[in-house]
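Peer 1: what's the 3D shape of this:
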Amino acid sequence: MKWLVLFRWVTLLMVLIASSCNFGEDGSDRSFNQNLQSFNDSFNKVDSAILLIDQMQDELDIVEAQQQNGQLDAGEAKRARQRIRSDYGNRISQNSHVMPVTGLPLWASQLGLSEPVGMTLDANFSQSTSENNPNEGYNSIVLVYRGSYDQAMQQAEIISSRASIPMSKDFADAQQLAREYDIAVLKGMAYMNFEIGATQLPHYSVAITVDEDGTLTISATDTQKFNEQMNDLE
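Peer 2: Okay, here's the model as predicted:
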């Protein structure tokens, strides 16, 4: 389910872009140039973040291979994955200079979202932006929780049901193909109120995903205001 991991990081990188840009209201050429420079600088940070993400995934793949060939037992592999995520989470947070979050903000709760019960928030990987911050200009949140796989699946179902977020069509199609061709059952889950690559998106794009290692991620973005901020730079 690496596409779930990629989706989570795409959302996080959107947060990094917004938090690094200075969207001023001054329409002068100087202000525009400053905004453009800030935007370009943000992409340098995103490039660094992508490199770190790639490196992290390479190390996770090595651990997975070592577990499959018997070099690591389940407990050792779990501890190795936790160490890798913690290390890279700290490095990505330091690279982005984005303040970590401690829970679900009010605007996200008003969308019907709630936090999982009995899971641990990973502050290193959890980021947010706020429309009340003039240097960001729109609301977004990425909350990453750790726990057991069964716990994450159960909590994701509860949260998505309360917020009326359906199962992703892409994920449902992948499950159907797995059944039709007798492929090993896909692990993980994805609930989304939009389709990846769609030209029309809802005002708030929301996703609740579960990775096969028991990571539950809640992502929400004010797509409308994000697009407005991007258009201001054109």
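
Peer 1: Helices of the protein, start to end?
Peer 2: Using DSSP state H, the helices of the chain run over residues 2-20, 29-68, 74-96, 106-109, 149-163, 169-180, 223-231.

Peer 1: Check the gap between Ser130 and Ser86 for me.
Peer 2: Ser130 sits 26 Å away from Ser86, going by CB to CB, to the nearest Å. Placement of C-beta: from N, CA and C, glycine included.

Peer 1: So these two - more neighbours on which side?
Peer 2: With neighbours defined as other CB atoms under 10 Å, Ser130 and Ser86 compare such that Ser130 has more, 18 against 14.

Peer 1: Show the contacting residues for that one.
Peer 2: 105, 136, 139 (CB atoms under 8 Å, 6 or more residues apart in numbering).

Peer 1: now it: how far from Phe226?
Peer 2: The value you get for Ser130 to Phe226, if CB to CB is used, is 12 Å.

Peer 1: Show the pLDDT at Gln66.
Peer 2: Looking at Gln66, its pLDDT stands at 93.

Peer 1: Repeat that for Pro134.
Peer 2: 77.

Peer 1: Ramachandran coordinates for it?
Peer 2: Per-residue torsions, Pro134: phi -60, psi -20 (degrees, to the nearest 10).

Peer 1: Next, count neighbours for it.
Peer 2: 11.

Peer 1: can you list the weak-confidence ranges in the protein?
Peer 2: By pLDDT under 70, the low-scoring segments of the chain are 1-50, 92-100, 184-185, 197, 230-234.

Peer 1: if we go to 80?
Peer 2: 1-54, 85-86, 88-101, 124-125, 134-136, 170-171, 174-186, 195-199, 227-234 (pLDDT under 80).

Peer 1: isn't Gly89 right up against Leu121?
Peer 2: No - Gly89 is beyond contact range of Leu121, at 11.7 Å (criterion: CB atoms under 8 Å).

Peer 1: re earlier: using TSV, lay out the contacts of Ser130 together with neighbour count and distance to Phe171.
Peer 2: Formatted as TSV, the contacts of Ser130 follow (neighbours: other CB atoms under 10 Å; distance: CB to CB, whole Å):
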residue	neighbour count	distance to Phe171
Pro105	17	26
Glu136	24	30
Asn139	23	25
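
Peer 1: which of these lies closest to Lys187?
Peer 2: Pro105 (29.9 Å; CB to CB).

Peer 1: Tell me how far that closest one lies from Leu121.
Peer 2: As for Pro105, its distance to Leu121 is 13 Å (criterion: CB to CB).
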